[in-house]
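> got a predicted structure here, sequence first:
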Amino acid sequence: MAVDTPVTLDRERIRSLAERERAQLDERTRASEAMYERARRSLSGGVASSYQARDPWPIYLTTGEGAVVHDVDGNRMWDFHNGFGSMVQGHANPAIVAAVRERVALGTHFAATTEDGVVVAEELARRWGLPRWRFLNSGSEATMDAIRIARGYTGRERIVKIFGSYHGHHDAVMVSIGVEYDRIGDREDYASLAYGAGIPQSTVDLTIPVPFNDAGAMERRIERLDREGRKPACVIMEAAMMNLGVVLPEPGYLEAVREITSRHGIVLIFDEVKTGLAIAAGGARERFGVEPDLVTLAKTLGGGLPSGAVGGSEAVMSVVEDGTVYQVGTYNGNPLGMAAARASLLEVLTPDAYVHLDALNDRIVSGCQAVVERYGLPGYAVGIGAKGCVTFSPTKVVDYETFKANQDVEVTELAWLYNMNRGIFMTPGREEEWTLSVAHTDEAVDAYVAVFDEMARELTE
């Protein structure tokens with residue numbers, strides 16, 4: 001909950017602290033600087049993904065054990081980044097290490113299904129209540145195939161997505177993600193805008209953005225599309241938005257979306273790449289009690305190995321089973337990934353694990369909220385399962401518009417620098433989202449809160 005009358009932060013103070021922290025981080029990461037000079041000669045930008053880039057240089061890691069990582073400079077940090085939310089099992093989890101070690105000696109790739117893949121599909125079907133599954137190698141592949149399945153099932157081309165949500169890097173969903181506030185358009189008719197270059201306009205035009213937490217606006221847009229003969233094949237969405245920090249669904253919102261899509265004959269896809277296996281054993285479907293037609297998984301599924309999955313109802317997945325839609329991939333169901341996923345599901349992400357994660361998140365959220373209230377900061381703490389953040393906004397963020405209009409970018413950037421210089425490895429960027437793991441402890445969580453308290457004190461003294 002945001003503070004009723006937050007303090008007014010001194011902007012010059014924020015910039016001065018950020019300059020100090022930036023200089024300190026540069027000094028602490030000189031080996032990363034040297035690695036960057038080497039890497040940039042062969043890796044574009046010195047990194048394997050643009051989301052790993054940072055100015056003046058990225059941070060390069062060497063090892064991870066449990067809840068801790070080390071960088072090339074030897075800095076030891078509590079890991080709240082966790083591979084962009086993938087490592088809920090913790091680094092080098094013994095059960096997963098043992099499963100992969102045993103599997104690697106038996107053959108690493110066949111392009112044929114192994115028993116581990118069958119067991120993983122059975123367990124996912126049990127957890128999500130969706131009977132049919134296929135495997136892939138990333139979240140982007142999972143959402144790409146889910147959209148193709150929905151299009152094949154309905155015979156329609158257009159899709160609806162939430163403005164501001166990220167669903168991977170394929171063209172259909174690289175639309176209306178992060179853009180300037182004045183380009184968004186009216187919430188009843190949001191603009192379809194390419195996220196970077198290289199995306200055909202014809203593809204952009206097939207993707208229709210709508211606001212989060214506003215079922216009425218979604219239905220009105222769908223009805224207009226229907227009247228124009230452009231009815232969408234699917235709505236793809238996160239049940240809780242996870243790339244604006246954490247934005248939870250308002251009461252009744254998901255139920256309304258389920259009713260609207262069912263009534264209009266539109267496939268509802270829950271993108272659970274971030275929420276699946278992280279906020280509950282059965283992801284958002286279990287946590288919020290709303291069943292989609294299709295669900296996509298990745299990140300946490302593989303326990304650190306590339307993985308992805310699409311699960312769905314008998315009806316919608318029938319177009320895969322009868323060959324109407326070709327769902328293919330040489331590395332789908334790779335033996336190493338399936339061995340890791342099986343060990344993760346059956347031995348690591350157990351009911352006790354989720355009790356532990358919920359307790360840790362309650363502790364970190366309450367600790368951070370206490371800091372917010374102690375110093376009167378414009379912000380609030382929010383979390384669910386293994387995920388959470390401090391949102392630096394004086395008002396509650398419920399969608400992209402309220403995020404873009406109210407989120408304090410300068411404080412968010414300062415928080416990242418502050419964490420990195422005090423042994424807290426965090427995701428860079430405005431979302432400032434933490435991911436906990438089963439290896440995290442009260443000590444790790446308390447260290448995070450202590451760093452936040454120190455920053456808040458310096459900001460307001």
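In hand now; what should we look at? Everything quoted here is computed from the prediction, not taken from an experiment.

> got the CA positions of stretch 200-207 in PDB?
What follows is stretch 200-207, C-alpha atoms only, in PDB (Å, rounded to 0.1, in the frame of the first residue of the first chain):
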ATOM      1  CA  PRO A 200       6.900  -6.000 -40.700                       C
ATOM      2  CA  GLN A 201       4.000  -3.500 -40.400                       C
ATOM      3  CA  SER A 202       1.600  -6.100 -41.700                       C
ATOM      4  CA  THR A 203       2.400  -8.200 -38.700                       C
ATOM      5  CA  VAL A 204       2.100  -5.300 -36.300                       C
ATOM      6  CA  ASP A 205      -1.300  -4.500 -37.700                       C
ATOM      7  CA  LEU A 206      -2.500  -8.000 -36.800                       C
ATOM      8  CA  THR A 207      -1.800  -7.400 -33.100                       C
END
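
> buried sites along it?
Buried residues in stretch 200-207, counting neighbours by 16 or more other C-beta atoms under 10 Å, are found at T203, V204, L206, T207. Every residue, glycine included, has its C-beta placed from N, CA and C.

> in strands only, show me those.
Among these, DSSP state E puts T207 in strands.

> from the buried residues of stretch 200-207, which is closest to T324?
Nearest to T324 among the buried residues of stretch 200-207, counting by C-beta to C-beta, is L206 at 19.8 Å.

> how about the closest one, nearest residue that isn't a chain neighbour?
Nearest residue to L206 in three dimensions, chain neighbours excluded: R158, at 5.1 Å (C-beta to C-beta, 6 or more residues apart in numbering).

> before we move on, what about R11?
The shortest distance from R11 to any non-neighbouring residue, by C-beta to C-beta, 6+ apart, is to E410 (7.1 Å).

> isn't the one you found right up against S16?
No. Contact between E410 and S16 fails when scored by C-beta atoms under 8 Å: they sit 11.1 Å apart.

> which SSE is the residue nearest to the spatial centre of the chain in?
By C-alpha atoms, centre = their mean, the chain has its centre lying nearest to K274, at 3.7 Å. Per DSSP states H and E, K274 falls between elements, in no helix or strand.

> equivalent analysis for the one 10 residues further on, please.
Element membership for A284 (DSSP H and E) is helix 283-288.

> CA atoms only for stretch 263-271, dumped as PDB, please.
This file holds the C-alpha atoms of stretch 263-271, laid out as PDB (Å, rounded to 0.1, in the frame of the first residue of the first chain):
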ATOM      1  CA  ARG A 263     -18.600 -16.000 -25.100                       C
ATOM      2  CA  HIS A 264     -16.900 -14.600 -28.200                       C
ATOM      3  CA  GLY A 265     -15.300 -17.900 -29.100                       C
ATOM      4  CA  ILE A 266     -11.800 -16.600 -28.600                       C
ATOM      5  CA  VAL A 267      -8.900 -18.700 -27.300                       C
ATOM      6  CA  LEU A 268      -7.500 -17.500 -24.000                       C
ATOM      7  CA  ILE A 269      -3.800 -18.000 -23.600                       C
ATOM      8  CA  PHE A 270      -2.200 -17.400 -20.200                       C
ATOM      9  CA  ASP A 271       1.500 -16.700 -20.700                       C
END
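
> just the buried residues of that stretch, please?
Residues I266, V267, L268, I269, F270, D271 are the ones in stretch 263-271 that count as buried (16+ other C-beta under 10 Å).

> could I get the residues you listed as TSV with pLDDT, distance to D26 and secondary structure?
TSV is the format used below for those (pLDDT from 0 to 100; distance: C-beta to C-beta, whole Å; DSSP: H, G, I helix; E, B strand; the rest coil):
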residue	pLDDT	distance to D26	secondary structure
I266	98	50	coil
V267	98	48	strand
L268	98	47	strand
I269	98	42	strand
F270	98	41	strand
D271	98	36	strand
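
> quick check: domain ranges of the protein?
Structural domains annotated on the chain: 11-79+352-460, 94-348, as defined by automatic domain parsing.

> pipe those into TSV and attach distance to V3 per row.
As requested, the domains of the chain are exported to TSV (distance: least, C-beta to C-beta, whole Å):
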stretch	distance to V3
domain 11-79+352-460	5
domain 94-348	17
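
> check contacts around the residue lying closest to the residue nearest to the centre of the chain once chain neighbours are set aside.
The shortest distance from K274 to any non-neighbouring residue, by C-beta to C-beta, 6+ apart, is to M242 (4.0 Å). The contact partners of M242, by C-beta atoms under 8 Å, 6 or more residues apart in numbering, come to G85, K274, T275, K387, E431, E433.

> now M242: how far from V273?
For M242, the distance to V273 (C-beta to C-beta, to the nearest Å) stands at 9 Å.

> show me how far the lowest-mean-pLDDT helix or strand in the chain is from its chain's centre.
Taking mean pLDDT, DSSP states H and E as the measure, helix 400-406 is the helix or strand of the chain with the lowest mean score, a mean of 91. Distance of helix 400-406 from its chain centroid, counting by C-alpha atoms, centre = their mean, to the nearest Å, is 18 Å.

> picking that back up, quick one: mean pLDDT over the helix holding A284.
The average pLDDT within helix 283-288 is 96.

> do a quick rundown of the strands in the stretch 101-250 of the chain.
Under the criterion DSSP state E, counting those that start in this stretch, the stretch 101-250 of the chain carries strands at the ranges 132-136, 159-162, 207-210, 234-237.

> of all those, which lies closest to L297?
strand 132-136 (9.1 Å).

> just the buried positions in that closest one, please.
R132, W133, R134, F135, L136.

> got JSON lines for those, with pLDDT and distance to R342 too?
Below are these laid out as JSON lines (pLDDT from 0 to 100; distance: C-beta to C-beta, whole Å):
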{"residue": "R132", "pLDDT": "98", "distance to R342": "19"}
{"residue": "W133", "pLDDT": "98", "distance to R342": "13"}
{"residue": "R134", "pLDDT": "98", "distance to R342": "16"}
{"residue": "F135", "pLDDT": "98", "distance to R342": "12"}
{"residue": "L136", "pLDDT": "97", "distance to R342": "17"}
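
> now these as a markdown table including distance to T402?
A markdown table is the format used below for those (distance: C-beta to C-beta, whole Å):
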| residue | distance to T402 |
| --- | --- |
| R132 | 37 |
| W133 | 36 |
| R134 | 36 |
| F135 | 37 |
| L136 | 33 |
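
> tell me the one among these nearest to R151.
Ranked by distance to R151 (C-beta to C-beta), the buried residues of strand 132-136 are led by R134 at 15.7 Å.

> I'd assumed V325 was in contact with that closest one.
No. Using C-beta under 8 Å, R134 is not in contact with V325; the gap is 10.1 Å.

> between the two ends of stretch 287-295, how far is it?
Terminal residues of stretch 287-295 lie 14 Å apart, using C-alpha to C-alpha, to the nearest Å.
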